[in-house]
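Enquirer: Return a 3D structure for these sequence lines:
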Amino acid sequence: MADFVGALDQGTTSTRFMIFDHGGDEVARHQLEHEQILPRAGWVEHNPTEIWERTRSVIESTLNKASLSHTDLAAFGITNQRETTVVWNRRTGRPYYNAIVWQDTRTDRVAAALERDGRGDVIRRKAGLPPATYFSGGKIQWILDNVDGVREAAEAGDAVFGNIDTWVLWNLTGGADGGVHVTDPTNASRTMLMDLETLDWDDELLSFFGVPRSMLPRIEPSSAPEPYGVTARGGPMGGEVPLTGILGDQQAATVGQVCFAPGEAKNTYGTGNFLLLNTGEELVRSKAGMLTTVCYRFGDRPPVYALEGSIAVTGSAVQWLRDQLGIISGAAQSESLARQVDDNGGVYFVPAFSGLFAPYWRSDARGAIVGLSRFNTNAHLARATLESICYQSRDVVEAMRADSGVDLDVLKVDGGVTANELCMQLQADILGVPVSRPVVAETTALGAAYAAGLAVGFWSTTDELRRNWNEDRRWEPTWTEEQRRDGYANWKKAVERTYGWVEMD
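Expert: From the prediction side, this is the model:
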C-alpha cells in the first residue's frame, strides 16, 4: 500500500492540501487564501470557480514540494466549510451564482417565516436544527427564487446543489465529464433538508424550501470503503486516487482530536468557534440552544451523533481589528497588543456581526462594544476581542452541560487561534477547566485523512488513531472564582445590549 494519505481542507478564508504519514504527522502542505466578497451588509459570498482553481493549485504545489505523485497516496479525504451553498449547471460546470457563505444573513426573512408559522418545530424535530440563516436550505431557496433561470434549470434536472465538499469532489472526479455528485451525512445534516434518523433527504423539509430532490447529491458514509470515485487523470492529482472520506470541517476536527467516545469534546478556533460533544449513537435533542448533528458515519456502522455549539464570529473578529479598524497588522499582533494591559479595563466586545448563533440564535443582534471610557485604549479592545472568543465558548459549554449533564474535565482545542497563548490562557480562566492543544493543531485536515485512510485499511481501527494523539501544551486556570463569576455576569449584560438592532418581519 502507498505510504501517505492526502486531505483537502477547503475553509472559509483559504484552501489547503496536506499529506500525512501513518503516524498522523504532516509531510507537506500548501495553502492559498481566496477573496471574501461582501456585496452589501450581511451578505458574504465566495467565487466557486476561484475555490476550484485554488484547490488545483494547492494539490499540485503540495505534491511538488514533497516530490510525490498520485501513486504515493493510498486515499484522498475532503473536509470543508459547511453550509456554504453552491448551485451549478451539471452540463457546463458553471455556477449560476457565487457561493453563499454560512455567515451570510440574507435569508433572515425566510428563517423568521419558518419560525412564525410552526414549520420551525418540524425542522428541529427532523433535522435537529433551528430555522436560521446559517444553514443551506434557505440559501438554496434564495438562489432558486432570485437568480434568473435557476428554478427552471433545477426542474429540468440541469441545476444541482452542493456544499463545498460536493462542489470540489464533483470537479476532482471529472466535473461536467462524469463528475460524481455526492456528500456525506455530516454535511447533509447542515442543510435543514435531511432527516437525522433516516440519513436521507426528507420530502416534507424539501417542500418548506421549494427545493427539487433532483438537485441534491447522494448521501454516502463519511468513511467509504466503496470509494465515491477517483480523481480524474487530467486533474491536479495527475492520476487516479480513491476518494474515500468526506467530513464537514468541525466533524473532521472532532475525528482529528480522536473524540470517539461519548462525552469527549473539542473546540475549534477558526473564523468562528465550533464546540462538538460526542453523544455516541444516541440522538440527543437540545433544549438549550445547541444543534443536534451527525458527528460521523464510518462504513456501514450506525451513525455517531454530536451536540454542537456554533459561534459565528471569533477569529474573524481578530481579522476585523486588522482589516476594518487597522489597529493591528496581523493576527499575531493581537496577542502582544492585548498583553499591554492587565485586564479588559471594563470593555466587553460582542462581535455579533452575523447575529448571534448558539445558544442564543438571535438574527436580530448586531455587534456591540460596551463599557468604554476615556481611559480605554486599543489594547483594551484587543484584550476584549480575545475574551469575546472565550466567553462565547463558555456560553456554549454551559448550554451543553444543561443538555447532556456532562462536566468537562479538559477542553481539547485546535485551529489557528490556538497559536495565541494569551487567548488560550484566558479560555482556561473563563471556563475554569484546563485547555489542551495537540501536537498537530490542524486537526481538521487530519480528521479528513483519518476518515479516508480508515476506509482503505491504511489505519485499521480508531484505537490506532488514538495512539497518534499527543499533547503539545496545556493551560491551567489562574482566575479566582470571583473573577470568573463577575466577568461572566458582565459578559451576559453585554450580550443583551446587542438584541433588537435589526427589525425582523
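Enquirer: Pull the contacting residues for the residue nearest to residue 458 when sequence neighbours are not counted.
Expert: Distances taken as CB to CB, 6 or more residues apart in numbering place residue 74 nearest to residue 458, at 4.7 Å, with adjacent residues excluded. C-beta coordinates here come from the backbone N, C-alpha and C atoms, glycine included. Residues near residue 74 by CB atoms under 8 Å, 6 or more residues apart in numbering: 1-5, 242, 453, 456, 458.
Enquirer: Backbone dihedrals for residue 74, both of them.
Expert: Dihedral angles of residue 74 (phi, psi; degrees, to the nearest 10) stand at phi -80, psi -30.
Enquirer: before we move on, what about the one 5 residues further on?
Expert: Backbone torsions of residue 79, given as degrees, to the nearest 10, read phi -130, psi 150.
Enquirer: can you count the residues close to it?
Expert: Look at residue 79: counted by other CB atoms under 10 Å, it has 34 neighbours.
Enquirer: for it, which residues make a bridge with it?
Expert: Counting by DSSP bridges, residue 79 forms beta bridges with residue 9, residue 247.
Enquirer: In contact with it, which residues?
Expert: Each residue near residue 79 by CB under 8 Å, 6+ apart is listed here: 7-10, 165, 246-249, 252, 444-445, 447-448.
Enquirer: do residue 95 as well
Expert: The contact partners of residue 95, taken as CB under 8 Å, 6+ apart, are 48-49, 86-89.
Enquirer: Mind checking which of the residues you listed are in strands?
Expert: The members of the contacts of residue 95 that map onto strands under DSSP state E are 86-89.
Enquirer: if we can go back for a sec, the contacts of residue 95 into TSV, with extra columns for pLDDT?
Expert: Shown next, in TSV, are those (pLDDT from 0 to 100):
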residue	pLDDT
48	97
49	97
86	98
87	98
88	98
89	97
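Enquirer: Just name the closest of the residues you listed to residue 308, please.
Expert: When the contacts of residue 95 are ranked by distance to residue 308 (CB to CB), residue 86 comes first, at 22.5 Å.
Enquirer: thinking that closest one is in contact with residue 167, fair?
Expert: Yes. Applying CB atoms under 8 Å, one finds residue 86 in contact with residue 167, separated by 4.6 Å.
Enquirer: and for these two, which residues touch both?
Expert: Counting by CB under 8 Å, 6+ apart, the residues touching both residue 86 and residue 167 are 48, 99.
Enquirer: neighbour count winner among these two?
Expert: When neighbours are counted by other CB under 10 Å, residue 86 and residue 167 differ, and residue 167 comes out ahead with 32 against 27.
Enquirer: just to revisit the earlier point, a markdown table please, covering the contacts of residue 79 and showing pLDDT.
Expert: As requested, the contacts of residue 79 are exported to a markdown table (pLDDT from 0 to 100):
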| residue | pLDDT |
| --- | --- |
| 7 | 97 |
| 8 | 97 |
| 9 | 96 |
| 10 | 97 |
| 165 | 97 |
| 246 | 98 |
| 247 | 98 |
| 248 | 96 |
| 249 | 92 |
| 252 | 95 |
| 444 | 91 |
| 445 | 94 |
| 447 | 95 |
| 448 | 97 |
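Enquirer: what about burial for the residues you listed, which qualify?
Expert: For those, a burial check counting by 16 or more other CB atoms under 10 Å picks out 7-10, 165, 246-249, 252, 444-445, 447-448.
Enquirer: closest to residue 21 among those?
Expert: The shortest approach to residue 21 among these belongs to residue 7, at 12.2 Å (CB to CB).
Enquirer: for the protein, which spans come out with low pLDDT?
Expert: Confidence mapping of the chain against pLDDT under 70 gives the ranges 504-505.
Enquirer: Scan it for its longest helix.
Expert: Ranked by number of residues, the top helix in the chain under DSSP state H is helix 378-404.
Enquirer: and that helix, what does it pack onto?
Expert: Helices and strands touching helix 378-404, by 3 or more CB pairs under 8 Å, 6 or more residues apart in numbering; DSSP states H and E, are strand 265-269, strand 273-280, strand 304-311, helix 315-320, helix 331-338, strand 348-350, helix 421-431, helix 481-496.
Enquirer: partners of the next helix or strand after it in the sheet?
Expert: In the C-terminal direction, the helix or strand that comes right after helix 378-404 (DSSP states H and E) is strand 411-414. Sheet pairing for strand 411-414, assigned by DSSP bridges, gives strand 265-269 (parallel), strand 435-438 (parallel).
Enquirer: from the chain's centre, how far out does the shortest one sit?
Expert: Here strand 435-438 is found 19 Å from its chain centre; the criterion is CA atoms, centre = their mean, to the nearest Å.
Enquirer: Tabulate the CA atom coordinates of it in PDB.
Expert: Presented in PDB, the C-alpha positions along strand 435-438 are these (Å, rounded to 0.1, in the frame of the first residue of the first chain):
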ATOM      1  CA  VAL A 435      -7.200  23.700  28.000                       C
ATOM      2  CA  SER A 436      -5.200  21.100  25.900                       C
ATOM      3  CA  ARG A 437      -3.700  21.700  22.500                       C
ATOM      4  CA  PRO A 438      -2.400  18.700  20.500                       C
END
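Enquirer: What is the subsequent helix or strand relative to it?
Expert: Strand 435-438 is succeeded, C-terminally, by helix 443-456 (DSSP H and E).
Enquirer: Dump that next one to CSV, keeping only the CA atoms.
Expert: Extracted in CSV, the C-alpha atoms of helix 443-456 (Å, rounded to 0.1, in the frame of the first residue of the first chain):
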residue,chain,number,x,y,z
THR,A,443,-6.8,18.6,13.2
THR,A,444,-9.4,19.4,10.5
ALA,A,445,-7.3,18.1,7.7
LEU,A,446,-6.0,15.3,9.8
GLY,A,447,-9.6,14.1,10.5
ALA,A,448,-10.4,14.0,6.8
ALA,A,449,-7.2,12.0,6.3
TYR,A,450,-8.3,9.6,9.0
ALA,A,451,-11.7,9.1,7.5
ALA,A,452,-10.2,8.4,4.1
GLY,A,453,-7.4,6.1,5.4
LEU,A,454,-9.7,4.0,7.6
ALA,A,455,-11.9,3.3,4.6
VAL,A,456,-9.0,1.6,2.7
